[in-house]
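A.B. asks: could you work out the structure for the sequence below:
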Amino acid sequence: MWSSSRKVSASPLSKQQYGTEEQCRAIVIESRWPDGFECPACGGRAHSLVKTRGLFQCSTCRRQTSPIAGTIFAVTKLPLRIWFRAMYHMTQTKQGISSIELGRRLGVSQPTAWKIKHKLKQVMMERDATKKLTGRIEIDDAYLGGERSGGKGGRGAAGKTPFVAAVETTADGKPVCVKLGRVRGFSSNALSGFAKRNFDRSCQVVSDGLACFASVTDAGCTHQAIKTGSGSASARTPASKWVNTALGNIKASIVGTYRYINSKHVPRYLAEFEYRFNRRYDLSAMMPRLCWPVSEQLQCLTGC
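C.D. replies: Residues are numbered from 1 along each chain as shown. Predicted coordinates for the structure are as follows:
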């Protein structure tokens, strides 16, 4: 399973850790400046604290800096403890949580909860974007969205969003990590690009007989195609056991929790599932591991 070079506490979420605004602020400061404050303008470390506004003032250039400036918390009107509670609910719920339910738990409106969720999803997506799978990989194609009344079924039907799922497994066939990616369609170019972004050159990729999967060799991977046929029997193929299990869990989560997903937001929903799956063996550490990339996020997210 992927690991981080940053040492993170693995103790569970508690009021002793994140229960007050001061505690949450201290975590943001520690995550952003683990070696102590550093002025973003001149790099100076000597500073004073403007207590009335909670700002750090550089003693060299006199610039004042907020701990949340340049993070996803910037210009927020919500207490930091609300954001931290949102992080907890999003990381500890196996099937995900809807913005309506999250709003109820946080005591905020549904639109506010929706914005919080999508900013956190974006951080999850960027966090895992550069990590690659290695070793043996099971890969399969899938769609989000069902058949519309009066429309055609099958591939290319209106209202469906195609995506690819790939699961790295151990030598004895246990799942390690998953990679999920929306694609324009199941073409050789699309699968070649997905493989180059997400697979190490040493990978051994196993797929069904869909022709486009052969293009993973463009990324330097080896490829084995196993004809599975169609229907429910194909989902029970031992060689694709874990990728089919992952796809089943994704679809169950969407149907049971979200009901409907706008196609333009699909990458974030897939990233949320991917983030939780890849850290599923250490739930207690998932919350603090999310805290520091959220605090270090330097590009404020807009348009969510």
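
A.B. asks: ranges for the strands of this protein?
C.D. replies: For the chain, the strands defined by DSSP state E occupy 47-50, 55-58, 64-65, 136-144, 161-169, 175-182, 204-207, 222-225.

A.B. asks: out of the ones you listed, nearest to Leu290?
C.D. replies: When the strands of the chain are compared by C-beta to C-beta, strand 175-182 sits nearest Leu290, at 16.8 Å. In short, each C-beta sits where N, CA and C put it, glycine included.

A.B. asks: now for that closest one, which elements pack on it?
C.D. replies: strand 161-169, helix 188-198, helix 241-253, helix 266-277 (3 or more C-beta pairs under 8 Å, 6 or more residues apart in numbering; DSSP states H and E).

A.B. asks: related to what we said a few turns ago, among the strands of the chain, which is nearest Asn278?
C.D. replies: strand 175-182 (4.8 Å).

A.B. asks: contacting residues around Cys291?
C.D. replies: The neighbourhood of Cys291, defined by C-beta atoms under 8 Å, 6 or more residues apart in numbering, consists of Ile27, Val28, Ser31, Phe84, Met87.

A.B. asks: let me know the closest of those to Ser59.
C.D. replies: Val28 (21.7 Å).

A.B. asks: that closest one and Gly181, how far apart?
C.D. replies: 31 Å (C-beta to C-beta, to the nearest Å).

A.B. asks: for Met90, same thing?
C.D. replies: Counting by C-beta to C-beta - Met90 and Gly181 are separated by 20 Å.

A.B. asks: before we move on, what about Ala165?
C.D. replies: 8 Å.

A.B. asks: can you pull out the helices in the stretch 1-150 of the chain?
C.D. replies: 15-18, 21-32, 80-92, 99-106, 110-128 (DSSP state H, counting those that start in this stretch).

A.B. asks: can I get those in JSON lines including distance to Tyr143, mean pLDDT and mean neighbour count?
C.D. replies: Shown next, in JSON lines, are those (distance: least, C-beta to C-beta, whole Å; pLDDT from 0 to 100; neighbours: other C-beta atoms under 10 Å):
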{"stretch": "helix 15-18", "distance to Tyr143": "38", "mean pLDDT": "66", "mean neighbour count": "14"}
{"stretch": "helix 21-32", "distance to Tyr143": "38", "mean pLDDT": "90", "mean neighbour count": "17"}
{"stretch": "helix 80-92", "distance to Tyr143": "25", "mean pLDDT": "92", "mean neighbour count": "20"}
{"stretch": "helix 99-106", "distance to Tyr143": "23", "mean pLDDT": "95", "mean neighbour count": "16"}
{"stretch": "helix 110-128", "distance to Tyr143": "20", "mean pLDDT": "93", "mean neighbour count": "20"}
